[in-house]
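Chemist: I would like the atomic coordinates for the input below:
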Amino acid sequence: MPVLDPVAGVGPPVLVARLDNVGDVLITGPAIRAVAARSSRVVMLAGPRGRDAAELLPGVNRVITWHAPWIDQEPEPVERPKVRALIEEIEAEGVRTALIFTSFHQSPLPLALLLRLAGVEWIGAICEDYPGSLLDLRHHVDGDPPEVERALSLAAAAGFPRCDDGLPAVRKPLPDVRHLVGDDGYVVLHPGTSVPARAWPPGHCAQAVRLLARTGFRVVVTGAPADRDLTAFVAGDDGLDLGGGTTLAELAAVLDGASALIAGNTGPAHLAAAVGTPVVSLFAPTVPAARWAPYGVPCVLLGDPDAPCAGSRARTCPVPGHPCLSSVTPSQVLAAVVRLVKEAA
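Modeler: Purely as a prediction, here's the structure:
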């Protein structure tokens, strides 16, 4: 079992690892809170794309950032000095127990090897491959549960049972963003995605902003700094363009004040879930919605779940015309927003 006193919550810090993107980190949050409830201190190992989300998670005391070359979508070369630096940093923390959280298509074994070299005595992970001496807990998950529940099952198997409602959450209080958006009660549209195959066409996004505005909704358009041209186009004259204008914590606060979010399968959809905001999810079926849809909040899924790309994990749409999402109309999105707002009233 893990090297700690699970009753008193004392002992060396526990390391939790999730090395990919914002959304992946956020959906691991409930499992990390379970670890924190029975640990003296939690150190989180996150990738550079997920670090800001890790900083928002309740229960995390310190974040170590490392660019994992077997996980990141733009992998860096494997370099001995960087590997050595990671091993030394973990060793300096005095970590003796670690849980490696992954998606179903990722292997925990490369990181497990590095953790062994850092002196970690007990390591648990979900793993289908033979782990040899790299894992003390080789956990298996049956069926196709949501990723939140998959992570919680690993924590529970390691001796860290669910300690609360098991829903995604962020640290509060969040920043005051009234100077950006005014009062609560607007709708947010987030047109960008980290994976192009998951994006609703920009023209559809722009039409949706016009239609929502004509119906009486105040619309806020959000995006990363790299999305500024996209958000300016989508917002036009009818939406408030915040593209590149918020930190992740500020974006969480903007979403917290929204009546609903419209977004693809991307980090802000999970951030909205973490602040309790309903989501209109434009969901490309390249990955299963059963695993990756926003968890624990009212959600309307739009898109063709039976499109030819289903289950392909494609990053760029392999089907001409991107039919799984281009077939979704702005009128359908408006109807979904109206439904969610009425249900919340």
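Chemist: mind giving me the domain split of the protein?
Modeler: As assigned by automatic domain parsing, the chain contains the domains 14-157, 178-344.
Chemist: can you redo those domains as a markdown table with mean pLDDT, mean neighbour count and distance to Asp164?
Modeler: Bear in mind the C-beta positions are built from the backbone N, C-alpha and C, glycine included. Compiled in a markdown table, the domains of the chain are given as follows (pLDDT from 0 to 100; neighbours: other C-beta atoms under 10 Å; distance: least, C-beta to C-beta, whole Å):
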| stretch | mean pLDDT | mean neighbour count | distance to Asp164 |
| --- | --- | --- | --- |
| domain 14-157 | 97 | 19 | 6 |
| domain 178-344 | 95 | 20 | 12 |
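Chemist: can you list those in CSV and add distance to Leu167?
Modeler: Below are the domains of the chain laid out as CSV (distance: least, C-beta to C-beta, whole Å):
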stretch, distance to Leu167
domain 14-157, 6
domain 178-344, 4
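Chemist: which one, of those, ends up nearest to Gly166?
Modeler: For Gly166, the closest of the domains of the chain is domain 14-157, at 4.7 Å, according to C-beta to C-beta.
Chemist: quick one: contacts for Arg116?
Modeler: Contact analysis of Arg116 by C-beta atoms under 8 Å, 6 or more residues apart in numbering lists 123, 133-134.
Chemist: assign it to helix, strand or coil.
Modeler: helix (DSSP: H, G, I helix; E, B strand; the rest coil).
Chemist: that one and Ile87: what is the separation?
Modeler: Distance, Arg116 to Ile87, by C-beta to C-beta, to the nearest Å: 10 Å.
Chemist: can you check Pro320 too?
Modeler: Distance, Pro320 to Ile87, using C-beta to C-beta: 47 Å.
Chemist: likewise Gly119?
Modeler: 9 Å.
Chemist: and for Ala98?
Modeler: Ala98 is 13 Å from Ile87, by C-beta to C-beta.
Chemist: chain neighbours aside, what residue packs nearest to the residue with the largest distance to the centre of the chain?
Modeler: Within the chain, the residue lying farthest from the chain centre (C-alpha atoms, centre = their mean) is Arg214, at 32.2 Å. Nearest in space to Arg214, with sequence neighbours left out and distances taken as C-beta to C-beta, 6 or more residues apart in numbering, is Asp238 at 7.9 Å.
Chemist: show me where the stretch 201-345 of the chain has its strands.
Modeler: 219-221, 239-241, 258-264, 279-282, 299-302 (DSSP state E, counting those that start in this stretch).
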